[in-house]
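Novice: the amino acid sequence is not available; the structure is as follows:
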């Protein structure tokens, strides 16, 4: 059983890191899926410039913001031609992309999709 001091410090650490508060002090905010936009480039770069995020991905770790912009354009095009869908994940109330998720490959004709998230 955790002491009051350790519970309080855990709660403070969770709040400082932006992580969900598991102590019950604050309700977690719902996650929102939405189409990636041009103004998400900085957040997308922040995600995919991290080697831990791209380790099992089919793309290289980003080294410049232009790669994030290109990624957003490609994801929109995949959605337009119905070959995939990759949307941003945000927390309700702040609209900042904290991850992405969707179907990396999607075939309506063959009835399959590869699910991915980061």
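Specialist: Happy to help now that I have it. Quantities reported herein were computed from a predicted structural model and do not represent experimental measurements.

Novice: ok, the residue nearest in space to the middle of the chain - contacts?
Specialist: When CA atoms, centre = their mean is applied to the chain, the residue found nearest the centroid is residue 99 (0.6 Å). The neighbours of residue 99, taking CB atoms under 8 Å, 6 or more residues apart in numbering as the test, are 47, 88-89, 117-118. For the C-beta atoms, the positions are set from N, CA and C on the backbone; glycine is no exception.

Novice: partner residues bridging it?
Specialist: With DSSP bridges applied, residue 99 shows beta-bridge pairing to residue 89.

Novice: contacts for the longest helix anywhere in the chain, please.
Specialist: Across the chain, the longest stretch assigned as helix under DSSP state H is helix 65-80. Here helix 65-80 makes contact (CB under 8 Å, 6+ apart) with 35-38, 40-42, 44-45, 48, 59, 62, 84-87, 100, 102, 106.

Novice: quick one: the contacts of residue 99 as TSV, columns for neighbour count, distance to residue 66 and pLDDT too.
Specialist: Shown next, in TSV, are the contacts of residue 99 (neighbours: other CB atoms under 10 Å; distance: CB to CB, whole Å; pLDDT from 0 to 100):
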residue	neighbour count	distance to residue 66	pLDDT
47	20	15	96
88	24	19	97
89	18	23	97
117	10	24	88
118	17	19	87
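
Novice: closest to residue 55 out of those?
Specialist: residue 118 (9.9 Å; CB to CB).

Novice: for the nearest residue to the closest one once chain neighbours are set aside, grab the count of nearby residues.
Specialist: Distance criterion CB to CB, 6 or more residues apart in numbering; nearest residue to residue 118, sequence neighbours excluded, is residue 53 at 5.1 Å. Residue crowding around residue 53 was assessed by other CB atoms under 10 Å; the count is 16.
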